[in-house]
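Enquirer: sequence plus predicted model, see below.
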Amino acid sequence: MSKRIRLAILCACTLALAACQHGAPRNPMATWVPSDNFDSRRAQVIVLHYTEQDSVQQSLRTLRTRNSGGRVSSHYLVGDDGRIYQLVADDHRAWHAGAGSWGTIHELNSASIGIEIDNDGTEPFSEPQVAALLRLLDDLTTRHRIPKSAVIGHSDLAPGRKIDPGPLFPWKRLFDAGFGIWPDPDAPPPPPGFDPIDALRLIGYSTDRPEATIHAYRMRFRGDNGKQLDEEDLRILHALTWRRSPVSPPAEAAASRQDLEPPRR
């Protein structure tokens, strides 16, 4: 066989392999009649985590291999020095959220982009890190048309199971830059009969386990580990919800609830 023929065969095999890797999956039982009326699955929420590990290098290994609980991943990792790493394409499902819900979304991996932040949970988040995170949030919400208010913590979707990004995370700083939610300073006092548990549900929290939900709420909005509500919490919860409508994601996010859950974090 001549060198030219061998080269041609090699090129053909390479092209065939590339087509297998990147072409649209086709069911052999059906006749392929392609339509242009589709788009990629789009994220509706951004979920923030902390790594609870000692270094970016350790977290990169964990997010690319497996840990004691099985395989985990995230779309991005933000280092303490502000460097941003991407591990999974935005339109692919990373295994970062696990079991939980936010509003009517019950399969967060299918409807979210996950961002890990290099922090062990006991130290303040660095200025370069927060600045980089804000740039990343601006990019993601703009490119993917994700509502800027739809930035939540892992603990928000999984009260009692997860505590990251923890009470030290600067949620007010994010809100001042346009991301997430924060109590409205112009809100009137809560009216008689105001129900704080209904308010938590309206924000998006699951209220199946009220004490765990209160803990998640207080980490985010009061920066502590409280598990009971006081008068200040009633004021905050009313200020968070008096102008809000119930959480109701677009149809594609709601449909994702039917997806099977991959290995959970």
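Expert: Good, I have the coordinates.
Enquirer: strands of this protein, residue ranges please.
Expert: 45-50, 76-78, 84-86, 112-117, 151-153 (DSSP state E).
Enquirer: can you tell me which of those is nearest to Lys227?
Expert: Closest approach to Lys227 among these is made by strand 151-153 (16.5 Å; C-beta to C-beta). To be clear about C-beta, it is placed using only N, CA and C from the backbone, and glycine gets the same treatment.
Enquirer: what sits against Arg42?
Expert: 91, 144-146, 252 (C-beta atoms under 8 Å, 6 or more residues apart in numbering).
Enquirer: kindly recompute the last result at 6 Å.
Expert: His144 (C-beta atoms under 6 Å, 6 or more residues apart in numbering).
Enquirer: where does it land on pLDDT?
Expert: Looking at Arg42, its pLDDT reads 84.
Enquirer: can you check the one 3 residues further on too?
Expert: Val45 is assigned a predicted lDDT (pLDDT) of 98.
Enquirer: count the neighbours of it for me.
Expert: 25 (other C-beta atoms under 10 Å).
Enquirer: could the strands of the chain go into TSV alongside distance to Trp171?
Expert: Listed next are those as TSV, based on distance: least, C-beta to C-beta, whole Å:
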stretch	distance to Trp171
strand 45-50	9
strand 76-78	16
strand 84-86	20
strand 112-117	13
strand 151-153	8
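Enquirer: so which of those strands is nearest Pro34?
Expert: Per C-beta to C-beta, nearest to Pro34 of those: strand 112-117, 27.9 Å.
Enquirer: okay, buried residues for stretch 77-84 please.
Expert: Within stretch 77-84, the residues that qualify as buried are 77-80, 82, counting by 16 or more other C-beta atoms under 10 Å.
Enquirer: repeat for stretch 111-121
Expert: Quick answer for stretch 111-121 (16+ other C-beta under 10 Å): 111-119.
Enquirer: neighbouring contacts of that stretch?
Expert: So stretch 111-121 is contacted by 43-52, 56, 74-80, 94, 96-97, 105, 125, 140, 166, 253, 256 (C-beta under 6 Å, 6+ apart).
Enquirer: let's see 7 Å
Expert: 43-54, 56, 59, 63, 74-80, 90, 94, 96-97, 105, 125, 129, 133, 136, 140, 164-166, 249, 253, 256 (C-beta atoms under 7 Å, 6 or more residues apart in numbering).
Enquirer: can I get it in CSV, CA atoms only?
Expert: Taking Å, rounded to 0.1, in the frame of the first residue of the first chain, the C-alpha atoms of stretch 111-121 are listed here in CSV:
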residue,chain,number,x,y,z
ALA,A,111,-30.8,23.8,35.2
SER,A,112,-27.7,25.5,36.7
ILE,A,113,-24.1,26.6,36.3
GLY,A,114,-21.9,25.7,39.3
ILE,A,115,-19.0,27.8,40.5
GLU,A,116,-16.6,26.5,43.1
ILE,A,117,-14.7,29.1,45.1
ASP,A,118,-11.3,28.2,46.6
ASN,A,119,-12.0,28.6,50.3
ASP,A,120,-12.0,26.3,53.3
GLY,A,121,-15.1,27.8,54.9
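Enquirer: quick one: mean pLDDT for that stretch?
Expert: pLDDT averaged over stretch 111-121 gives 96.
Enquirer: 503 is where my numbering starts, stick with that
Expert: Understood, numbering begins at 503; the last thing we discussed is stretch 613-623.
Enquirer: contact partners for the closest residue to Gln555 other than its chain neighbours?
Expert: Of all residues not flanking Gln555 in the chain, Ser561 sits nearest, at 4.9 Å (C-beta to C-beta, 6 or more residues apart in numbering). Applying C-beta under 7 Å, 6+ apart, we find Ser561 in contact with 553, 555, 579, 618, 620.
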